[in-house]
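**Student:** Would you be able to build a 3D model of this:
(chains A and B)
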Amino acid sequence: MSCTTCSTKTTTLADYASPNALTWCPGCGNFGIQVALKQALVALGVTPHQAMLCYDIGCNGNGSDKIGGYRFHGLHGRVIPLAAGIACANKNLTVVMEAGDGATFGEGINHLAHAVRANFNITFICHNNENYGLTKGQASATTRKDIPMNSSPDGVTSDPVHAQRFVLSLGVSFSARVFSGDIRGMNTIFQAAMKHPGFSFVEVLQNCPSYNKTTPHEWYQQRVYNVATEGYDPSDRAAALAAAEDVDEKIATGIIFQDPHSVPFMSRDAVRKDIPTELTQEVQQYDVSQFTAGMR
Amino acid sequence: MHIHNRFVVKVSGASGQGINSVGDTISKSLKESGLYSFGYREYPSLIKGGFASFQVDFSDQLLNSAAEHCDILLVLSVSAFTAYLPSVAPNGTVIHSVIGLQVSEQQQAILTEKNISLIFVPAQQLVKEAGGHPLMANTFLLGVLWKLLGLPSEPLLQVVRKQFEKKPDVIEPNIAMIEAGKAFEDAGLIPVELPFTLNSDLVDDIIIGGNQAIALGAVAGGVRAYYAYPMTPSSSILSYLASISHQTGMLVKQIEDEISVAQMTVGSSFAGTRAMCGTSGGGFDLMTETVSLAGMTETPFVCVVAQRPGPATGLPTWTNAADLLLAVFSGHGEYPKVVLAASDPSSCFTLTQVALNLSEEYQIPVILLTEKQIAESHFHLKDLPASIEISRGLVPESELGSLSNMDRYKNTESGVTPRWLPGQCAPTFDANSDEHLGDGSLTEDSGPSKEIFERRMRKHDTIAAALPEPELFGEEACDVLYVGWGSVKLTVLDAIQLYQQTGGSKKCSYLHYEYLFPLKTERLEALAQTAQKVVFVENNGTGQLAKLVRMESGFTPDHIVLKNEGRPFFVNEILSEIQREEN
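**Tutor:** Alright, predicted model coming up:
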C-alpha cells in the first residue's frame, strides 16, 4: 500500500502540519512533545500515510486534530487496546499512542499491564503531569502524597504509582523517561522507541503550568540527568529499577531499559508468526467445507 | 413414546462424568442410523458435581426443539436421579448405574404413579468383569440403551471407531463394552418399538451447534481477528476458532477483559481487516462505551452476544432471550446501529456474514444475538447454507487519488460517507470520538454539530430501507399469527407441525424476526389485519420484542406468551398454547 509520493518524496515536518490551531495552555509541555514527535517521525522517514497516531482523552488528545497522519482519538483510558488492535492488523503502520497519567494509571491501568505482557509493537508516549488537567486539576494516580488538589483539598492520601517501577516489574521490553522541556532528548528517545520491536513505554515528565504547582518546568529542569553515562547497561533490569527509583532529587532520563531480544506479539503468535501478509490483506471469502466435513 | 413421532432419551449425571460425550455419540449414531435428532444440554456452573444432562429428541422427521419429558432416562449419579426423575414421561424407563441407590418414598410414588420402570445396571462391575477400563462404563450403558432402542449396532460402532480414531488401541475395548452392554439381561428391559423409517441419505448430513456455525460464518466472511474473554455461552466460539486457527490463519486471541476485547476489535477493524468479538450480556455491558465509539467514529464493529439469564451473573449456564433491548439501546448517545438475532446454525452462519457486510457497508456497530439454546444445542443439518458475497464498501484503490481532505465524514444524502484505511496514500483524517467535521477535526459549534448528527442518523433510515421484513412461515391467511425471534422459532415451528399432524383445526402461521433493529413492522401490521389473533412468543420475562414493536409502530398483540426460568420453551408447552386457542 505505498504510492510513488510515499516512496520517492522525502518526508518533512511540513507533511505533518495541520491547519488547526493548538489549544493548549501557554507553557504547556504538550507543545514540545508534539514537536519532538513530528521530528522523530520525519527523522525515521515515516510518511503521514504510514503513521498511525492514537490518542486518549485529555489535554494530549486535544492535539489529535492538530497534526498530520492517520489518527484515532478514542475513549478515556482505552487507547492501549485500540492501538493494539490496529498494530496487530497491519504491522506496516508505525503505531504511536499517547495518553496521560489519568488514563494510563487510573481508568486504564489494567490495559497497560496486559499490553506490556503481550509486547504489542506500539510506542506509548505517556504524558505524566501528575494530575487531571483537562477536568481542572484533580489528583491522578501519580499525584504525590499530601498534595492538595481539586476534589482532594486536604491532600491525596494514597501513595502515588511509580510509573517506571510499574512497567519494569511487569517485564516491559522497552522503557524510557524524558522531560517535556528536552525536545532533543524526546526526539532521540521517540525514535529509539519507534524502532524497538515490541511495547515501548516512554514516560514524559510533563509540566502542567495551570494545575501542577508542585513540580513545574524548572523543578524538573533542576533534577533530571541523562542516564546514558559511561557504564550504564540498559539491558540490566535490576540496574534499571535502581536507576529509575528516585523521582524526587536526581531523576534519571533516557532509555532506562531495553530488552535486546524483544519478540513482539505478532512474532510470538504460533499461527501468525510465519505468515508474510497482514490481516488487512487477507479479507476474502474462505471455504469452510474442510471443517463441516468433520461434522458429518 | 409420549409425543407423536418423537422419541426422547435423556442422559444425566454429575458434571464431569462425560455426559456430553455420551450425548454426542447418541446424536451421531442416530444420524448414522438414518434418523434426525436435536440435542439439548443442561449443566451447572461448576466443573465437577451437580447435575447435568444431554437430551436427545429424535424422529424420522427434522426436529429443532426439545420436549419437556423423556421416554428413557439414563442416570449416572444420585443427584441426577433426584433432579431428573420428575422429567420422565408416563410409562418411561429409567436406567441407572448408581450402586446402592436409595429411592425415597416420594420418588417411589412418582415411579408408581407414572408407571416408570427403574432398572439398575451395575455397569462398573460388569465393565470390570468384561475386562474394560472403569472409564468405559458410559460405553457399556450405550450398549444397554441401544439394545433397548432396538436400533442396528453398526452405526453406533462406526461412530465409536471414528471417535477414537486418534487412540486406535482403545477402539476394540470400547466396542467390546458396547457388545457386553447389549448382552446385558434384565426383565424390565423390553425393547421399544420405534415407528420410524430409517433414511440412509442422512449419513452425510452434519451435526452442528450454533457457536460452531457462527465461528464458521466468521471464517467464511473473511474475519481475520477474533478477540474474546471467556463467558458462557459464547466461549466455545473462541475455543473452536482457536482449535482451527492453524488451518484458517486467523488471529484468535483471548484478551484480559471485554473492554479491551471491544477496543481491539474496533482497532483491527479500523485498520482495515475484518475483526469480530463475542460475549454474553454481562461482558457486553462492559463493551457498550466502545459500541458508542464505533457509532461515533463510524468504524465497523461486530459483536456476538450469546444470551443467558441475568441480571448480574444470573443463571450462567442456562438460556433465555432478554438482552434484545440492551442491544438496541446499547451505548450512550444516539447513533445508528443494527441488531440481528439468529435462531439456528443456518441463520448463525448466514447472519454472521450479513453482520460483517452491514457493519462495513454502513460503518456501524452490528450486534448479533444468539441464546445458549442456539449456541450449545446440537442440530441436524443437511449442510450449512452457501456463503454470501463479501461487501466492504471501501473506496476502490483507483479512486483514492481523487479524495479530498474533508471527504471522510462529509455530508451525504444517504448518510454513508467514503471510507478508506490507514496506510493508504490518500488524505489522512482523524477518527475522532469528539464531534467532528469532514476530516475529523473537532467542532463544538452548534450548526455543524446538528448537521453531522443528522447526517449520521440518516444512515438509520437508509439501513431500514435496505433490510428485509420478517419472514412468514405458513399462510398469510391464518387464525392465529405467532410472532417471535431467536430460538422461539424452532419450538413454535415444531409445535405447529405437531399440532397439524395430530389433527389440529386452527390455521397457525409464524412470523419470525431476524432483523430486529432498525425494526420493520409493515408486514406484521398487514398480517395482523386478517389474522384472528396475534400472539407474541418470547423467552424472556417482559416481552421485549412486543415492547419494541409498540415503540416503533404502536401495534399491540392480543396475547404474549413468556417464559423466563432459564429453560427454553419445550415443544409440548407451545403445543398446549396452540391447543388452548381452540377453546
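
**Student:** use CA for all of it now, contacts and neighbours both
**Tutor:** Fine.

**Student:** how close does residue A:84 get to chain B?
**Tutor:** Here the criterion is C-alpha to the nearest C-alpha, to the nearest Å. By it, residue A:84 lies 6 Å from chain B.

**Student:** For that residue, the count of nearby residues, please.
**Tutor:** Under the neighbour criterion other C-alpha atoms under 10 Å in any protein chain shown, residue A:84 is assigned a count of 27.

**Student:** ok, it touching residue A:123?
**Tutor:** No. Under the contact definition of C-alpha atoms under 8 Å, residue A:84 does not touch residue A:123, with a separation of 10.2 Å.

**Student:** which of the residues in stretch B:31-50 are buried?
**Tutor:** Judged by neighbour count using 16 or more other C-alpha atoms under 10 Å in any protein chain shown, the buried positions of stretch B:31-50 are B:31-44, B:49-50.

**Student:** now do stretch B:534-551
**Tutor:** Of the residues in stretch B:534-551, those scored as buried under the neighbour-count criterion (16+ other C-alpha under 10 Å) are B:534-540, B:543-549.

**Student:** Contacts for that stretch, please.
**Tutor:** Contacts of stretch B:534-551 with the rest of the structure, by C-alpha atoms under 8 Å, 6 or more residues apart in numbering or on different chains, involve B:320-322, B:324-325, B:480-485, B:488, B:519, B:521, B:528, B:555-564, B:568-569.

**Student:** ok, which residues in the stretch 101-250 of chain A are in contact with chain B?
**Tutor:** Contact residues (C-alpha under 8 Å from any C-alpha of the partner chain) of the stretch 101-250 of chain A with chain B: A:111, A:114.

**Student:** Could you pull out the strands in the stretch 101-250 of chain A for me?
**Tutor:** Listed in chain order, the strands of the stretch 101-250 of chain A (DSSP state E, counting those that start in this stretch) span residues A:123-128, A:174-179, A:200-205, A:224-226.

**Student:** Can you give me the neighbour number for the closest residue to residue B:197 other than its chain neighbours?
**Tutor:** What sits nearest to residue B:197 in space, not counting adjacent residues and going by C-alpha to C-alpha, 6 or more residues apart in numbering or on different chains, is residue B:60, at 6.0 Å. With neighbours defined by other C-alpha under 10 Å, the count for residue B:60 comes to 19.

**Student:** Show the contacting residues for residue B:60.
**Tutor:** Neighbour list for residue B:60: B:5, B:34-36, B:196-199 [criterion: C-alpha under 8 Å, 6+ apart].

**Student:** now, which of the residues you listed sits nearest residue B:395?
**Tutor:** residue B:36 (47.1 Å; C-alpha to C-alpha).

**Student:** Dig out what that closest one forms beta bridges with.
**Tutor:** residue B:59 (DSSP bridges).

**Student:** any idea how far it is from residue B:206?
**Tutor:** 10 Å (C-alpha to C-alpha, to the nearest Å).

**Student:** shared neighbours, these two?
**Tutor:** Taking C-alpha under 8 Å, 6+ apart as the contact criterion, the residues that touch both residue B:36 and residue B:206 are residue B:380.

**Student:** and stretch B:59-74, which residues are buried?
**Tutor:** Neighbour-count burial for stretch B:59-74, counted by 16+ other C-alpha under 10 Å, picks out B:59-60, B:62-74.

**Student:** So residue B:468 versus residue B:340, what's the distance?
**Tutor:** Taken as C-alpha to C-alpha, the spacing of residue B:468 relative to residue B:340 amounts to 11 Å.

**Student:** same question, residue B:159
**Tutor:** Here residue B:159 is placed at a distance of 36 Å from residue B:340 (C-alpha to C-alpha).
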